[in-house]
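Output the structure for:
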Amino acid sequence: MMKIGTGEQSEGLYVLSVVTPVRAYRAIGVGFCELWNRRMGHPSSKITSMLPDVTEKDIDSRIKTCDVCFIAKQIKESFLLSNNNAKNYFDLIHCDLWGPYRTYASCGVVYFLTIVDDCSRVV
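Below is the predicted model:
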C-alpha cells in the first residue's frame, strides 16, 4: 500500500498534504472518440453517438478495441428480488470492488469501485 498524503485538522476541516509529486497525464495518439470514451467512463453507444463529430464507424471501432467496454457491457444474470427497500437516502448502500484489471486507467488505477444507494438507485 502506498501513502499518497497526510491530513492535518485546521478549523474543523482536514487539509491534505500530498506526499508524492503530482503527475499530469496527457493522451498521445488517442482518437477523439476513444478519448471521450475514457473521460465519460465508457458510456453506451447511445450516449457516445450524441457527441458531435462521432460516426457509427468510430463507435464500432471503440467497442471492438476497448477491453473495459467489452467486459462492462456483458449481460449478467439478475439478482433475486430483495425485500430490502430503504426509505431514506444512505439507509442502505451496495458496494462492489472489482480488480485488479490488467489495463491501467489514464490515472494509473486498476480497481473499480461501484456504490449504489438503495433508496434513490443513484450510482
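
Contacts only, for Val122.
When contacts are counted by CB atoms under 8 Å, 6 or more residues apart in numbering, Val122 touches Val116. From N, CA and C alone the C-beta is placed, and that goes for glycine too.

measure it to Thr114 for me?
According to CB to CB, to the nearest Å, Val122 and Thr114 sit 11 Å apart.

again with Phe90
From Phe90 over to Thr114 the distance is 16 Å, taken as CB to CB.

swap in Leu16?
From Leu16 to Thr114 the distance is 24 Å (CB to CB).

Then Gly12?
To Thr114, Gly12 is 31 Å away according to CB to CB.

And Ser17, which helix or strand is it part of?
strand 13-18 (DSSP states H and E).

Am I right that Val116 is in a strand?
Yes: Val116: assigned to a strand according to DSSP: H, G, I helix; E, B strand; the rest coil.

partner residues bridging it?
In this structure, Val116 bridges to His94 when assessed by DSSP bridges.

Hmm, it is touching His94, no?
Yes: if you go by CB atoms under 8 Å, Val116 and His94 touch, sitting 4.5 Å apart.

List phi and psi for the closest residue to Trp98 other than its chain neighbours.
Nearest non-adjacent residue to Trp98, counting by CB to CB, 6 or more residues apart in numbering: Phe112, 4.6 Å away. With angles defined as degrees, to the nearest 10, Phe112 sits at phi -120, psi 130.

Next one: Phe112 from Gln9, what distance?
As judged by CB to CB, Phe112 and Gln9 stand 31 Å apart.

Leu92 now?
Separation of Leu92 from Gln9 (CB to CB): 31 Å.

more crowded one of these two?
Leu92 (15 against 8; other CB atoms under 10 Å).
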